[in-house]
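>>> below: sequence and its predicted model.
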Amino acid sequence: MYIEQHSRYQNKANNIQLRYDDKQFHTTVIKDVLLWIEHNLDQSLLLDDVANKAGYTKWYFQRLFKKVTGVTLASYIRARRLTKAAVELRLTKKTILEIALKYQFDSQQSFTRRFKYIFKVTPSYYRRNKLWELEAMHALPECVWQRSVQ
């Protein structure tokens, strides 16, 4: 009886360790993907391509990304592109259209609409305003590294 009970507890402990190792592995994979995304924001980043980079199907990767980071992949990429675009608006002489196209927006109008939605000002106003409003630089979504990854 004692040996059976000990064996059951040992199996449970092994399963818990495996789940913990899986969580660690998934978190590491997502962190690697985030770094890769950061270096490729000016490229077309399709769900299929990002999922393949991680080694998962697009359906599984989409759920895993949301579970680990707390945001969808599309929201994360859009927010990072807008944040990088905002920095370029301030630090370069590139036109708004050049920046919009660099970060994969279809047009200056779609870029302006999304930029204004996030930063509450137009790109041209943001560029003219000489003060860096750090409160407005909230486009980067906070990634919550959850412990419940399975």
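Right, received. Where do you want to start? Numbering: from 1, shown residues only.
>>> drop to CA atoms for contacts and neighbour counts, all remaining ones
Fine.
>>> pull out the buried positions in the stretch of helix or strand Ser75 belongs to.
Per DSSP states H and E, Ser75 falls inside helix 73-91. When burial is assessed from 16 or more other C-alpha atoms under 10 Å, helix 73-91 yields the following buried residues: 73, 76-86, 88-90.
>>> so for Asp21, what's the pLDDT?
In the predicted model, Asp21 carries a pLDDT score of 45.
>>> what's the residue closest to the geometric middle of this protein?
For the chain, the residue nearest the mean C-alpha position is Tyr76 (3.5 Å; C-alpha atoms, centre = their mean).
>>> distance of that residue from Thr83?
Note on Tyr76: its distance to Thr83, by C-alpha to C-alpha, to the nearest Å, is 11 Å.
>>> start to end distance for stretch 107-126?
18 Å.
>>> list phi and psi for Asn40.
phi -130, psi 20 (degrees, to the nearest 10).
>>> now the one 3 residues further on
Gln43 adopts backbone torsions of phi -110, psi 160, taken as degrees, to the nearest 10.
>>> just after the lowest-mean-pLDDT helix or strand in the chain, pick out the following helix or strand.
Lowest on mean pLDDT, DSSP states H and E among the helices and strands of the chain sits helix 2-39, with a mean of 66. Next helix or strand after helix 2-39 toward the C-terminus (DSSP H and E): helix 47-54.
>>> buried sites along that next one?
Residues of helix 47-54 classed as buried by neighbour count (16+ other C-alpha under 10 Å): 47, 50-51, 54.
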